[in-house]
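Trainee: Could you look at this predicted model? Sequence included:
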Amino acid sequence: MDSSEIKQLKVLAAKARMGAILGTYHAKSGHPGGSLSAADIFTYLYFKEMRVDPANPQWADRDRFVLSKGHCCPSLYAILALKGFFDWDELTSLRHVGAMLQGHPDMKGTPGIDMSTGSLGQGVSAACGMALAGKLDKKDYRVYTVLGDGEVEEGQVWEAAMFAAHNKLDNLTLFVDQNGLQIDGPVEQVCGIEPLDKKFEAFGFEVIKIDGHDFEQIQSAVEKAKTVKGKPTAILARTVKGKGVSFMENQVGWHGVAPNKEQYEAATAELQAQIDKLEGEC
Amino acid sequence: MAETVMKATRESFGEALCELAETNPDIVVFDADLAAATKTGVFQKKFPERFFDCGIAEGNMIGVAAGMAATGKIPVAASFAMFATGRAFEQIRNSVAYPELNVKIAGSHAGISTGEDGATHQCIEDIAIMRAIPNMMVLNPADHWEMKAATKAALEYNGPVYIRLGRLAIPSFNDPETYSFELGKGITLHEGNDVAVIASGLVVNEALKAVKELEAEGINARLINIHTIKPIDRDIIIKAAQETGRIITVEEHNVVGGLADAVSEVVTDACPVKITRIGVQDRFGFSGPAWELLDDFGLTQPHIARVIREVVGK
């Protein structure tokens, strides 16, 4: 990636963050903190890596994406809108009665959503099933899933991890969005998960640790994962909860609270300034 | 009438899976370390490349099956009814039923006829749990022939299905020459207007023997076999309520949430009649040989016949 490509990704990620703020503001609920921390990973996957076709969301040979931390869908929805799966305006009816965009991802109702998720720990198993089907059918698609760091407290994550390694699912790349915070407080205070790298290694994964806001590091990890044979890869991405909106950064209180009008305007202005600055440099 | 086949419905299920997989390459089977018991093991032997043992991790098994279904395969996930519907309830609800994925869940060793393993393994709540989930079809076949037909119908149907399998070998009572299975349609096994006996699963044969026994006493009981508990055959139940005015339900399941309640739901809003509930009376089972337990819980022919006599007042 050259610097202009990285800038383009940064602009898209800022727009995805604006979409998450827009959606949760209009919903008067939702989860901005984790939506912002994972936005760069979503951006990279959808705009740089994954083989998807917004005109044909059910394309059998597409790469799959499962948002195991389903509550962080506001920024994923923004990415899908930017990619052309549906109109950006859908974000303003997020979580409304009769709206297409549900509070947690709904594969039946939303183009581009490959799996219904929201109950933590479940998406990663579904991702394993998709990866296994790809192996069975000798297809070359890859499956990506993003988990929260609080989510790995769920036992099902480790059941799935055992299964993925046992079945040599090297077409599966698992991200952990390690923003360090969960609803009740810092992950290490609520129920510590470290050393997470050693845990995934012990479960048979290739493990790569990155800064989840650095596109070059995301790229090198995703590329490395594609070369690993015979085992799945876990990319442990250190992130900042609320990333990109200064007053939300590293604040556990922004896990599941929507911005009010004032906060919405301040956050949008801050993200717009980031976009203007990046575009000025382009 | 063809010869009686003595077989547990889990065995009939395993046979059916193998037959159906011959012509349908999309069928894949998952188990959670109970393949020998659920009889998916026979599929494993025949189609090893399409069989995946998930180990003792039922929640993950259901999730993996859901992911497979999302790619167009037809996954069958089997375990004991207790663990399939109990341990993995929420995976079934959120990863299978909510997205309406084409996963078939097979719960073996259901009911108290699981026997010696005792209460922890005798699932008496599976039908209640599965029935409460939107989008979920619930099947409880009563003999070898019905299980084979139900398995075929379940795999041809596009959507989530729970199918209940038994451990205990039981005699077949259906005639394969004339038997026909239709999802959601009850079957009248015996005509009569004194009372309607509505039964499901392993105890249907016991109820059939009971109503036949009572013929000699001048009691004409209607017997209806409900193999599809959800969606239930409203018409056959309403007609029975109208024509007999009195219903007895028979099930190898807790009387809370299972067939008795499913039948009650139909009659209370269409044709209220008194219902007598034969089943597990809201208590846990215990260890013992299956037939002794079934007798102890009042689920065998003599007990069913006694209740019918009491209800019709003879």
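Mentor: On my side now, so go ahead.
Trainee: residues contacting B:Gly115?
Mentor: B:Gly115 makes contact with B:Gln122, B:Arg167, B:Leu168, B:Ser287, B:Gly288, B:Pro289, B:Ala290, B:Leu293 under the criterion Cβ atoms under 8 Å, 6 or more residues apart in numbering or on different chains. Yep, even glycine has a C-beta here, placed from its N, CA and C like the rest.
Trainee: can you list these in a markdown table and add pLDDT?
Mentor: Output for the contacts of B:Gly115, formatted as a markdown table (pLDDT from 0 to 100):
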| residue | pLDDT |
| --- | --- |
| B:Gln122 | 98 |
| B:Arg167 | 98 |
| B:Leu168 | 98 |
| B:Ser287 | 98 |
| B:Gly288 | 98 |
| B:Pro289 | 98 |
| B:Ala290 | 98 |
| B:Leu293 | 98 |
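Trainee: Kindly present those residues as a markdown table, with separate columns for neighbour count.
Mentor: Below are these laid out as a markdown table (neighbours: other Cβ atoms under 10 Å in any protein chain shown):
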| residue | neighbour count |
| --- | --- |
| B:Gln122 | 26 |
| B:Arg167 | 26 |
| B:Leu168 | 21 |
| B:Ser287 | 14 |
| B:Gly288 | 15 |
| B:Pro289 | 12 |
| B:Ala290 | 20 |
| B:Leu293 | 25 |
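Trainee: Identify those among those that sit within helices.
Mentor: Applying DSSP state H to these, the entries found in helices are B:Ala290, B:Leu293.
Trainee: Out of the contacts of B:Gly115, flag the one nearest to A:Val222.
Mentor: Nearest to A:Val222 among the contacts of B:Gly115: B:Arg167, at 48.1 Å, using Cβ to Cβ.
Trainee: from memory the closest one sits against B:Thr114, does it?
Mentor: Yes - B:Arg167 lies in contact with B:Thr114 (Cβ atoms under 8 Å); the separation is 5.3 Å.
Trainee: Mind telling me the two of the contacts of B:Gly115 farthest from one another?
Mentor: Farthest apart among the contacts of B:Gly115 by Cβ to Cβ are B:Leu168 and B:Ser287. That separation is 14.5 Å.
Trainee: burial count for the residue nearest to B:Ala270 when sequence neighbours are not counted?
Mentor: Using Cβ to Cβ, 6 or more residues apart in numbering or on different chains and skipping the chain neighbours, the partner closest in space to B:Ala270 is B:Ile238 (4.7 Å). Other residues within reach of B:Ile238, judged by other Cβ atoms under 10 Å in any protein chain shown, total 16.
Trainee: Isn't B:Ile238 up against B:Val267?
Mentor: Yes - with contact defined as Cβ under 8 Å, B:Ile238 reaches B:Val267; the gap is 7.1 Å.
Trainee: Wait, a strand at B:Ala260?
Mentor: No - applying DSSP: H, G, I helix; E, B strand; the rest coil, one finds B:Ala260 to be helix, outside a strand.
Trainee: Return the residues of the stretch 51-200 of chain A in contact with chain B.
Mentor: Residues of the stretch 51-200 of chain A lying close to chain B by Cβ under 8 Å from any Cβ of the partner chain are A:60, A:66, A:106-108, A:114-116, A:118-119, A:121-134, A:136-137, A:155-156, A:159-160, A:162-163, A:166-167.
Trainee: I'd like to know which of these are buried.
Mentor: A:66, A:106-107, A:114-116, A:118-119, A:121-134, A:136-137, A:156, A:159-160, A:162-163, A:166-167 (16 or more other Cβ atoms under 10 Å in any protein chain shown).
Trainee: which ones among these are found in helices?
Mentor: A:122-134, A:136, A:156, A:159-160, A:162-163, A:166.
Trainee: State which one residue of the stretch 151-282 of chain A is found closest to chain B.
Mentor: The stretch 151-282 of chain A approaches chain B most closely through A:Glu159 (3.6 Å), counting by Cβ to the nearest Cβ.
Trainee: the helices in the stretch 151-300 of chain B, which residues?
Mentor: B:204-215, B:234-244, B:259-270, B:290-296 (DSSP state H, counting those that start in this stretch).
Trainee: Same check on the stretch 1-150 of chain B?
Mentor: B:9-23, B:35-38, B:41-46, B:58-69, B:81, B:89-91, B:126-131, B:144-156.
Trainee: and A:Val97, how many neighbours?
Mentor: 5.
Trainee: what separates it from chain B, distance-wise?
Mentor: Distance of A:Val97 to chain B, given as Cβ to the nearest Cβ, to the nearest Å: 18 Å.
Trainee: That residue belongs to a strand?
Mentor: No - in this structure, A:Val97 is coil, not part of a strand, as judged by three-state DSSP.
Trainee: Torsion angles phi and psi at it?
Mentor: Torsion angles at A:Val97 (phi, psi; degrees, to the nearest 10) stand at phi -60, psi 130.
Trainee: low-scoring stretches of chain B, by residue?
Mentor: Within chain B, the segments meeting pLDDT under 70 span B:1, B:314.
Trainee: okay, now the domains of it?
Mentor: B:6-171, B:187-312 (automatic domain parsing).
Trainee: Quick one, which of those domains gets closest to A:His96.
Mentor: domain B:6-171 (19.2 Å).
Trainee: So what would you say the end-to-end distance of that closest one is?
Mentor: 4 Å (Cα to Cα, to the nearest Å).
Trainee: Quick check: A:Gly148 touching A:Leu67?
Mentor: No - between A:Gly148 and A:Leu67 no contact is recorded; they are 9.9 Å apart, counting by Cβ under 8 Å.
Trainee: List the contacts of residue 251.
Mentor: Just so you know, I chose chain A. A:Gln251 neighbours (Cβ under 8 Å, 6+ apart): A:Gly33, A:Lys241, A:Gly242.
Trainee: nope, chain B
Mentor: B:Ile127, B:Ala199, B:Ser200, B:Gly201, B:Val203, B:Gly258, B:Leu259, B:Ala260, B:Ile278, B:Gly279.
Trainee: Quick one: the residues you listed as TSV, columns for distance to B:Met137 and neighbour count too.
Mentor: Below are the contacts of B:Glu251 laid out as TSV (distance: Cβ to Cβ, whole Å; neighbours: other Cβ atoms under 10 Å in any protein chain shown):
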residue	distance to B:Met137	neighbour count
B:Ile127	12	32
B:Ala199	19	30
B:Ser200	14	33
B:Gly201	15	31
B:Val203	21	29
B:Gly258	15	29
B:Leu259	15	29
B:Ala260	19	24
B:Ile278	24	27
B:Gly279	21	24
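Trainee: Tell me which residue is most central in chain B.
Mentor: B:Asn140 (1.7 Å; Cα atoms, centre = their mean).
Trainee: Show the backbone phi and psi for that residue.
Mentor: Torsion angles, degrees, to the nearest 10, at B:Asn140: phi -140, psi 80.
Trainee: and the gap between it and chain A?
Mentor: 27 Å.
Trainee: Look up how far B:Ala36 lies from that residue.
Mentor: 23 Å (Cβ to Cβ, to the nearest Å).
Trainee: I'd like to know which of the helices of the stretch 1-150 of chain B lies nearest to chain A.
Mentor: helix B:58-69 (2.3 Å).
Trainee: quick one: that closest one to chain centroid distance?
Mentor: The chain centre lies 22 Å from the centre of helix B:58-69; the measure is Cα atoms, centre = their mean, to the nearest Å.
Trainee: helices and strands around that helix, which ones?
Mentor: When contacts are defined as 3 or more Cβ pairs under 8 Å, 6 or more residues apart in numbering or on different chains; DSSP states H and E, helix B:58-69 sits against helix A:122-136, helix A:155-166, strand B:27-31, strand B:74-80, helix B:89-91.
Trainee: Convert it to PDB, retaining C-alpha atoms only.
Mentor: This file holds the C-alpha atoms of helix B:58-69, laid out as PDB (Å, rounded to 0.1, in the frame of the first residue of the first chain):
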ATOM      1  CA  GLU B  58     -22.700 -28.900  21.900                       C
ATOM      2  CA  GLY B  59     -23.000 -25.200  21.700                       C
ATOM      3  CA  ASN B  60     -20.200 -25.000  19.200                       C
ATOM      4  CA  MET B  61     -21.600 -27.900  17.200                       C
ATOM      5  CA  ILE B  62     -24.900 -26.100  16.700                       C
ATOM      6  CA  GLY B  63     -23.000 -22.900  15.700                       C
ATOM      7  CA  VAL B  64     -20.800 -24.700  13.200                       C
ATOM      8  CA  ALA B  65     -23.900 -26.400  11.800                       C
ATOM      9  CA  ALA B  66     -25.600 -23.000  11.400                       C
ATOM     10  CA  GLY B  67     -22.500 -21.600   9.600                       C
ATOM     11  CA  MET B  68     -22.500 -24.600   7.300                       C
ATOM     12  CA  ALA B  69     -26.200 -24.100   6.600                       C
END
